[in-house]
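*Asks:* Sequence unavailable; structure follows:
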């Protein structure tokens, strides 16, 4: 199901989205929808971390650094990292 909405964007943002959508080979609407989905996943992840920290305590600097390192490796396409993640 698709819901149509009318949105307002600043000129620069709209122009940048138009270019990005064209480069990605998708429609303006599809590009915005994908961007919104990513943002919603980020929000859910941040809420999950906050809930976990509320129960287990704040992440240490070492845990944060390890998470950032893992993310950088995953984003760079390095495989096999899941087997190296230290579990609590």
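*Replies:* Okay, I see it. Nothing here was measured: the structure is a model prediction, and the numbers come from that model.
*Asks:* What values do phi and psi take at residue 40?
*Replies:* When read as degrees, to the nearest 10, the backbone of residue 40 gives phi -70, psi -40.
*Asks:* neighbours of it, just the number please.
*Replies:* Residue 40: 10 surrounding residues under other CB atoms under 10 Å. All C-beta atoms are positioned from the backbone trio N, CA, C, and that covers glycine.
*Asks:* Report the separation between it and residue 65.
*Replies:* Computed as CB to CB, to the nearest Å, the residue 40 to residue 65 distance reads 27 Å.
*Asks:* Pull the distance from the lowest-mean-pLDDT helix or strand in the chain to the chain's centre.
*Replies:* Across the helices and strands of the chain, mean pLDDT, DSSP states H and E gives its lowest value to helix 61-75, namely a mean of 93. Distance, stretch centre to chain centre, for helix 61-75: 15 Å (CA atoms, centre = their mean, to the nearest Å).
*Asks:* Buried ones in that helix, by neighbour count?
*Replies:* For helix 61-75, the neighbour count (16 or more other CB atoms under 10 Å) marks residue 70 as buried.
*Asks:* now swap in stretch 20-33 and tell me
*Replies:* Within stretch 20-33, the residues scored as buried using 16+ other CB under 10 Å are 21, 31, 32.
*Asks:* From the residues you listed, pick the one nearest residue 10.
*Replies:* residue 32 (13.5 Å; CB to CB).
*Asks:* Relative to residue 44, how far out is that closest one?
*Replies:* For residue 32 relative to residue 44 (CB to CB), the value is 19 Å.
*Asks:* and if you look at residue 34?
*Replies:* 16 Å.
*Asks:* Residue 64 now?
*Replies:* Distance, residue 64 to residue 44, using CB to CB: 19 Å.
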